[in-house]
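Peer 1: model the structure of this input:
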Amino acid sequence: MILLPAIDILGGKAVRLARGDYDEQTVYDADPLEAARRWVAAGARALHVVDLDGAFGTGENQTALRAICDAVDVPVQTGGGIRSDADVAARLAAGAQAVVIGTLLVERPDDARAIVERWGERIVAGIDARGDRVATRGWLSESAISRDDLVRTVASWGIARIVYTEIARDGMGSGYDVAALAHVAALAPVRLTASGGA
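Peer 2: Predicted coordinates:
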């Protein structure tokens, strides 16, 4: 098992949101770089960096991402606000090993599929759901597409890994919905990363 400590960046700080609610945030570090160094010093073999400003459409934190990638000697995967191939290229150029795309999978599936075909296993599908309904744009919008259909679709494109978040448990420390994880894992031959609730 590989644990990926998540560093969620909002307004330049490392935070935790309860169920993705902007108004229910806890600030952990004024400097996300210090959080990254601390996780790696504690033995983390990889990091998950989320640009919440990018996800909400209120800004971006690429300077922080680059600083983290430059400072640590473990792989970094990142997501949040990835809306184009140029966004993917910029995150990879900043030093990320993998880029998580989510909203793009739903809003512009043809573009998302082209990104998967171009970058291969460096692209991870981020599927965030409330029950079986997929949420997008920082979880502010709910999609008509079902979680299960989206999992099968991205797998057919060649996606090798999905980060799956059950939004109701994210940031709550209440543990994973193991039944939901088992269900999603059985839908397609992809690797599944459990997110939210640990």
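
Peer 1: helix/strand/coil for G197?
Peer 2: coil (DSSP: H, G, I helix; E, B strand; the rest coil).

Peer 1: tell me how many other residues crowd it.
Peer 2: 19 (other C-beta atoms under 10 Å). For glycine as for every other residue, the C-beta is placed from the backbone atoms N, C-alpha and C.

Peer 1: please verify my assumption that it contacts A180.
Peer 2: No: here G197 does not reach A180: they are 10.3 Å apart, not a contact under C-beta atoms under 8 Å.

Peer 1: anything in contact with each of the two?
Peer 2: Counting by C-beta atoms under 8 Å, 6 or more residues apart in numbering, the residues touching both G197 and A180 are E166.

Peer 1: for A186, give its distance to G79.
Peer 2: For A186, the distance to G79 equals 24 Å [C-beta to C-beta, to the nearest Å].

Peer 1: got it, and H48?
Peer 2: For H48, the distance to G79 - C-beta to C-beta - is 8 Å.

Peer 1: and the closest residue in space to D111 that isn't next to it in sequence, what pLDDT?
Peer 2: Leaving aside its sequence neighbours, D111 sits nearest to L104 (C-beta to C-beta, 6 or more residues apart in numbering; 6.2 Å). Reported pLDDT at L104 in the predicted model: 94.

Peer 1: so for this protein, the centremost residue is which one?
Peer 2: G79 (4.6 Å; C-alpha atoms, centre = their mean).

Peer 1: need the pLDDT of that residue.
Peer 2: 95.

Peer 1: who's in contact with the nearest residue to I9 once chain neighbours are set aside?
Peer 2: Nearest in space to I9, with sequence neighbours left out and distances taken as C-beta to C-beta, 6+ apart, is N61 at 4.4 Å. By C-beta under 8 Å, 6+ apart, the contact set of N61 is 9, 12, 32, 51-54, 80.

Peer 1: now the phi/psi pair for the closest residue to R130 other than its chain neighbours, please.
Peer 2: Excluding the flanking residues, the one nearest R130 by C-beta to C-beta, 6+ apart is I167, at 5.0 Å. Per-residue torsions, I167: phi -60, psi -40 (degrees, to the nearest 10).
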